[in-house]
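>>> could you work out the structure for the sequence below:
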Amino acid sequence: MMERERLHGHVEFLGYVPHSSVRDVLVRGNVFLNCSLAESFCVAILEAASAGLFVVSTNVRGVPEVLPPEMIHHADPNVDSLVESLSCVQYPEKSIQLIHLSFITE
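Residues are numbered from 1 along each chain as shown. Predicted coordinates for the structure are as follows:
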């Protein structure tokens with residue numbers, strides 16, 4: 001996927017990150033992408049926003065109540081809607097260094 005979509009230099013897959021290092025990782029990015037299919041209250045998007053990232057998230061259950069509209073863009077839980085939402089984000093001058101993908105299934 002990295003080669004096919006030419007993501008090198010734009011996306012970094014980190015694997016496990018110790019809790020004590022999460023903030024240091026988040027502040028390297030510009031956008032936090034949350035692809036959850038089910039949420040009650042998403043602490044991850046709250047952490048991302050507090051680190052200064054703009055959040056794009058699926059519009060499921062408790063997500064709309066977590067952040068004010070100017071800090072988040074909601075998408076339907078499907079690929080086309082997520083791509084459309086990401087394309088609406090006004091990226092800062094610097095390149096996107098990190099997009100965090102988290103998938104939760106029931």
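
>>> what's the average pLDDT for stretch 83-96?
When pLDDT is averaged over stretch 83-96, the result is 65.

>>> brain fart, stretch 49-66
What stretch 49-66 shows for mean pLDDT is 86.

>>> in that stretch, what's buried?
Buried residues in stretch 49-66, defined by neighbour count with 16 or more other CB atoms under 10 Å: 49, 51, 53-58, 60, 63, 66. Glycine gets a C-beta too; all of them are placed from N, C-alpha and C.

>>> which of the residues you listed sits closest to Ala38?
Among the buried residues of stretch 49-66, Val60 lies closest to Ala38 (CB to CB), at 6.0 Å.

>>> surely that closest one is in contact with Glu39?
Yes. Counting by CB atoms under 8 Å, Glu39 is a contact partner of Val60 at 5.4 Å.

>>> return the member of the buried residues of stretch 49-66 nearest to His19.
Ala51 (13.5 Å).

>>> what's the local residue count around the nearest residue to the closest one once chain neighbours are set aside?
Nearest non-adjacent residue to Ala51, counting by CB to CB, 6 or more residues apart in numbering: Leu26, 3.7 Å away. Leu26: 20 surrounding residues under other CB atoms under 10 Å.

>>> go on, Glu3?
Residues contacting Glu3 under the criterion other CB under 10 Å number 7.

>>> quick check: buried residues in the top helix by length along the chain?
Counting residues, the longest helix found in the chain (DSSP state H) is helix 79-88. Neighbour-count burial for helix 79-88, with 16+ other CB under 10 Å as criterion, is recorded at 82, 85-86.
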